[in-house]
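*Asks:* structural data only, the sequence is not supplied:
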């Protein structure tokens, strides 16, 4: 792919030298460190004079520090990283007139969009890995607990899912930067999409489930379960819900399922008492594997559409 390496190096240099990257990284690192420090102090206070349980190190990522945990923070604000990195990836160069000059060189057109996407994914991975390493080091100092091999593997799987999740929003942002010539239009469109899937899908799922289930759900267990199933099915349309269910199960070994409401009968009680211990990592991955595949598929489909649209545009319109 001729020109891919040169454009990749140029995009990485632009990211590292931009104030946008520095401000974004500093803001996310500051919030993460403050939240982790407060969680670490609370964990250390709780463990004083008590035996340290297994997987206590993972509490740094799941316990709430300033009203939200690190997992919740990435689920809610992580898409903004992808949107900020990609909303002007193409239309900015188009408006400045550099894109047509770039494509006039002996460089394949697909090298441009592939390099831009790869560079942004590298930046996302670098930010997440750096923040997790700093948080882990801070946790070692504050709570004084060394993570075990399975905890390290769970954190690594969590990082991979987070990179795919944010890259999905990056691919969608690049698509909007291709479709709209105006940078402000693409930014507002992406914010509207993010707000819709973050807020309105959850509210709409609750309203639709309540409308479809007849009768009083307060006194009818069957209606409660049916309403919960409908609501969960609608929520799966949101990438944030897929990410929340996947990462919560991976980072919390005691969580056995992604369901939020379970029918517990006699046999279920026997099964739950028999398997009351933490799940191994392989079993946790099997539980959330459909969610991981859906996130990866959505990312590839979004980038594939961006790739196809960009390749079919006329050079004169670029």
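*Replies:* Here it is on my side, so go on. As the structure is a prediction and not an experimental result, all values here were calculated from the model.

*Asks:* got the contact list for residue 69?
*Replies:* By CB atoms under 8 Å, 6 or more residues apart in numbering, residue 69 lies in contact with 35, 39, 61, 62, 63. Using the backbone N, CA and C atoms, a C-beta is placed for each residue, glycine as well.

*Asks:* what's the separation between it and residue 279?
*Replies:* Using CB to CB, to the nearest Å, we find residue 69 at a distance of 19 Å from residue 279.

*Asks:* same question for residue 87.
*Replies:* 39 Å.

*Asks:* equivalent analysis for residue 154, please.
*Replies:* Applying CB to CB to residue 154 and residue 279 gives a distance of 10 Å.

*Asks:* out of the contacts of residue 69, who's the most crowded?
*Replies:* Greatest neighbour count in the contacts of residue 69, by other CB atoms under 10 Å, goes to residue 61: 28 neighbours.

*Asks:* gap between it and residue 107?
*Replies:* To residue 107, residue 61 is 42 Å away according to CB to CB.

*Asks:* picking up where we left off before, neighbour count winner among residue 154 and residue 279?
*Replies:* residue 154 (24 against 19).

*Asks:* the more buried one in helix, strand or coil?
*Replies:* helix (DSSP: H, G, I helix; E, B strand; the rest coil).

*Asks:* check contacts around it.
*Replies:* Residue 154 is in contact with 58, 250, 251, 253, 281, 284, counting by CB under 8 Å, 6+ apart.

*Asks:* try it again with 6 Å
*Replies:* Shown in contact with residue 154 (CB atoms under 6 Å, 6 or more residues apart in numbering): 250, 251, 281.

*Asks:* what do you get for residue 57?
*Replies:* 145, 147, 151.

*Asks:* so what's the spatially most central residue of the chain up against?
*Replies:* Nearest to the geometric centre of the chain sits residue 165, at 3.6 Å (CA atoms, centre = their mean). Counting by CB under 6 Å, 6+ apart, residue 165 makes contact with 243, 295.

*Asks:* how much space is there between it and residue 172?
*Replies:* Counting by CB to CB, the gap from residue 165 to residue 172 is 12 Å.

*Asks:* residue 8 now?
*Replies:* Relative to residue 172, and taking CB to CB, residue 8 is found at 21 Å.

*Asks:* of the two, which one has the most company?
*Replies:* residue 172 (28 against 18).
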